[in-house]
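Undergrad: Any chance you can model this:
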Amino acid sequence: MTKKSNIFDYLYEQRFKKGIVPTLDRILEIYYALNLQIDTNKLITVAGTNGKGSTTAILTSVLEAHDKKVCRFNSPHLYDITERFYFTDIKYINKKKLEKILIKIKKTVDNYQNTHPYHFITFFEYMLLAALMWFDSLDYDYIILEVGMGGRFDATNILDAKYSAITSISLDHISYLGDSIEKIAFEKAGIIKKNQLVSTGNISNIALSVINDVVKEKNAYIYSPKINIDEFNIKNIKLKGKYQIYNIKTALSLSLSILNNSFDKNKFESGIKTAYWPARYEKISETPIIIRDVAHNQEGMLALKESLLEDYPKHKKIVIFSVMKDKNYKEMLKIIDSFSDFNIFVDLKMERSLSPKILKDLCKIESECLLIDNVINDTKKIGEKFNNDYIIIITGSIFLMEKIRIENGKT
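TA: Got it, this is the predicted structure:
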């Protein structure tokens, strides 16, 4: 880190430089060196291919409705790094505070790397350590950690959480997690600890069989209360999209296992109405209708399609899309082609992102490649050919959401 750069510049420069090495040894040693004392009896981890962010947001709101103070760690962030760090009494961490925490962590990391020069601490590991250091200074009732890419070797797995949830399992990050549902389920189930209460979401029987094997091995317990969601008033909630029903059920199961006899149906309903998570089937404009949804894999794209066809069956659909190279973009594009009338592929100018020209060559419908500048304005011009009877869907990479916001002057 040079004198002119700050800790945030340094970490962003490191973000995509190194590959992922599956081990918990590095971060465990740093965690112990920082002398943190997280109460694992108050710890909840949430893993899954999709639905983690929404589930943690719902659970946070429900616990707060029950007068609990909640710390929450999520990733990635949408607009600002502070979005990853939340506490009931403060909301998002002050950036100066975060800077001081990260500088302190870097000193510990530097000391560690003096004796382990080939051990690289990742951006995600830095973020988790910063969250735990901040949480350690707070008076909390519960900590919710959103698991990153996998589970078994995810940095969040260094602590033996009392509660966990696995929201969904589908093919994603196959180069790291495996090329089958069974292999990915095994990696996700790696978060399960001895004697833990485990909640599951929208899980196939194939994946659930793998999870059950791990549960038996760890003497854990899958908490599966008989839930009739129709008994709850979940109308007029902020979180839209048909798929949110699965996240609501997962959060309900977690709430029941955590709160037990103190669970209050009215407080659950109150909490769920305030729950919000950005860019999940979120309408951000009425004229024209613009929906943003970070459907960054095949399962997410199918869920997006289902909601769009139900809510806007007669509207022409213009899809703005970008995707990372490591995603199953061919299958995602097939789904987009099945409901879109016009596709716009955006150049994110990132090494990790797939070239929009590749997407255009694969595309079966009319499409165009655009640079970031004025994407929304250019899309509206394209929409004029549909006589204003159209909607715009921004989807794919979370980095697309950030870029479009910045380039359209909405920072």
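
Undergrad: the bottom helix or strand of the chain by mean pLDDT?
TA: Across the helices and strands of the chain, mean confidence by mean pLDDT, DSSP states H and E is lowest for helix 174-177: a mean of 58.

Undergrad: Next secondary structure element downstream of that helix?
TA: Using DSSP states H and E, the next helix or strand after helix 174-177 towards the C-terminus is helix 181-188.

Undergrad: which outside residues touch the helix or strand where residue 320 lies?
TA: Using DSSP H and E, residue 320 sits within strand 316-322. Contacts of strand 316-322 with the rest of the structure, by CB atoms under 8 Å, 6 or more residues apart in numbering, involve 308, 333, 336, 339-348, 353-354, 356, 359, 375, 379, 382-383, 386, 389-397, 399-400, 404. Glycine gets a C-beta too; all of them are placed from N, C-alpha and C.

Undergrad: which among those residues end up buried?
TA: Buried residues within these, counting neighbours by 16 or more other CB atoms under 10 Å: 308, 333, 336, 339-348, 353-354, 356, 359, 375, 379, 382-383, 386, 390-397, 399-400, 404.

Undergrad: thinking again about what came up before, and the strand holding residue 320, C-alpha only, in PDB?
TA: These are the backbone C-alpha positions of strand 316-322, laid out as PDB (Å, rounded to 0.1, in the frame of the first residue of the first chain):
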ATOM      1  CA  LYS A 316     -42.600  -6.100 -24.600                       C
ATOM      2  CA  LYS A 317     -39.500  -6.800 -22.700                       C
ATOM      3  CA  ILE A 318     -36.100  -5.200 -23.200                       C
ATOM      4  CA  VAL A 319     -33.300  -6.900 -21.200                       C
ATOM      5  CA  ILE A 320     -30.100  -5.200 -20.200                       C
ATOM      6  CA  PHE A 321     -27.600  -8.000 -19.400                       C
ATOM      7  CA  SER A 322     -24.000  -8.600 -18.400                       C
END
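
Undergrad: next one: phi and psi at residue 222?
TA: phi -80, psi 120 (degrees, to the nearest 10).

Undergrad: Would you list the strands that the strand holding residue 320 pairs with, along with their directions?
TA: Strand pairing for strand 316-322, using DSSP bridges, gives strand 342-347 (parallel), strand 390-396 (parallel).

Undergrad: Using a markdown table, lay out these together with mean pLDDT and distance to residue 91.
TA: Below are those laid out as a markdown table (pLDDT from 0 to 100; distance: least, CB to CB, whole Å):
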| stretch | mean pLDDT | distance to residue 91 |
| --- | --- | --- |
| strand 342-347 | 89 | 31 |
| strand 390-396 | 93 | 26 |
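
Undergrad: which element is the residue nearest to the spatial centre of the chain on?
TA: In the chain, the centroid-proximal residue (CA atoms, centre = their mean) is residue 53; its distance is 4.4 Å. Assigned by DSSP H and E, residue 53 falls within helix 52-65.

Undergrad: Check residue 131 too.
TA: helix 123-136.

Undergrad: tell me the average confidence for that helix?
TA: Per-residue pLDDT values over helix 123-136 give a mean of 96.

Undergrad: residues making contact with that helix?
TA: Applying CB under 8 Å, 6+ apart, the external contacts of helix 123-136 come out as 11-12, 14-15, 26-27, 30-31, 34, 36-38, 71, 73, 75, 81, 84-85, 87, 93, 97-98, 101-102, 104-106, 109, 143, 145, 148, 155-156.

Undergrad: wait, is residue 255 part of a helix?
TA: Yes. According to DSSP: H, G, I helix; E, B strand; the rest coil, residue 255 belongs to a helix.

Undergrad: mind listing the strands for this structure?
TA: 43-47, 70-73, 85-87, 91-92, 142-146, 163-168, 197-202, 221-222, 282-286, 289-293, 316-322, 342-347, 367-371, 390-396 (DSSP state E).
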